[in-house]
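Novice: Build me a model from this:
(2 chains)
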Amino acid sequence: VQLVESGGGLVQPGGSLRLSCAASGISVNDNYMSWVRQAPGKELEWVSVLYSIGTTYYADSVAGRFTISRDDSTNTLFLQMNSLTAEDTAVYYCAREAHSCTTTSCSTFWYFNLWGRGTLVSVSS
Amino acid sequence: DIQMTQSPSTLSASVGDRVTITCRASQTINDWLAWYQQKPGKAPKLLIYKASTLESGVPSRFSGSGSGTEFTLTISSLQPDDFATYYCQQYNSYSRTFGQGTKVDIK
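Specialist: Modelled structure (predicted):
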């Protein structure tokens, strides 16, 4: 069971980047999948979540600029990042949120029980 | 947003030491708190959730306690594999905020 992020790199301010998170051993469409980032010298910051039913949520700092999505055929989670600024420079982690399901519905607990190693995004001119 | 403050920021200890890390929330979070361990270049690892419940496979030398606004992570006898950075995270609110981390290094 693992998550492997890719797609990071150096991008100019105002530019775009798409991150990928390839999952193995789990199905991204059966889980609550998040992106969490860590800027240099700063604490971890939750960025976005995609629920198994397709609902999405974003941190205020990225709402309107970032889009989370998934491809069920490749079992991959994505984060499309637009209008990037220096404040978006960070290591971006893909993470699965703990959740529970009844026979009729599921809900997330908002903490993370599986993480990837991260991919570095640097925004600089 | 709920702010999480960890102390100390850095802790120097020896193998076999008992180590305690504190995490304080800016408002009550009941027992909706998780602890993670992270080593350089590696994925963070969940250690404890619901303040005191040990994640499956985590050694029993790790324990968590607290409720409301003050929480602790204790390592009863520090092992060489435990030198790492530890983070707390509240999940009382959807903002899912983290502490700034506590680095445990070798004395």
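
Novice: For chain A, which residues score under the pLDDT cut-off?
Specialist: Nowhere does chain A drop to pLDDT under 70.

Novice: Flag every residue of it that's near chain B.
Specialist: By C-beta under 8 Å from any C-beta of the partner chain, the residues of chain A that approach chain B are A:3, A:34, A:42-46, A:57, A:59, A:93, A:95, A:98, A:109-118. Using the backbone N, CA and C atoms, a C-beta is placed for each residue, glycine as well.

Novice: now the helices for chain B?
Specialist: For chain B, no helices are identified by DSSP state H.

Novice: all strands for it, in order.
Specialist: For chain B, the strands defined by DSSP state E occupy B:4-7, B:10-13, B:19-25, B:33-38, B:45-49, B:53-54, B:62-67, B:70-75, B:85-90, B:102-106.

Novice: partner strands of the third one, parallel or antiparallel?
Specialist: Which is strand B:19-25. Sheet pairing of strand B:19-25 (DSSP bridges) gives strand B:4-7 (antiparallel), strand B:70-75 (antiparallel).

Novice: Give me whichever of these is most buried.
Specialist: strand B:70-75 (a mean of 19; mean count of other C-beta atoms under 10 Å in any protein chain shown).

Novice: then that one to PDB, C-alphas only?
Specialist: Written as PDB, here are the backbone C-alpha positions of strand B:70-75 (Å, rounded to 0.1, in the frame of the first residue of the first chain):
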ATOM      1  CA  GLU B  70      -3.700  20.100  26.300                       C
ATOM      2  CA  PHE B  71      -2.200  16.900  25.000                       C
ATOM      3  CA  THR B  72       1.000  15.000  25.400                       C
ATOM      4  CA  LEU B  73       2.900  12.400  23.400                       C
ATOM      5  CA  THR B  74       5.200  10.200  25.500                       C
ATOM      6  CA  ILE B  75       7.900   7.800  24.300                       C
END
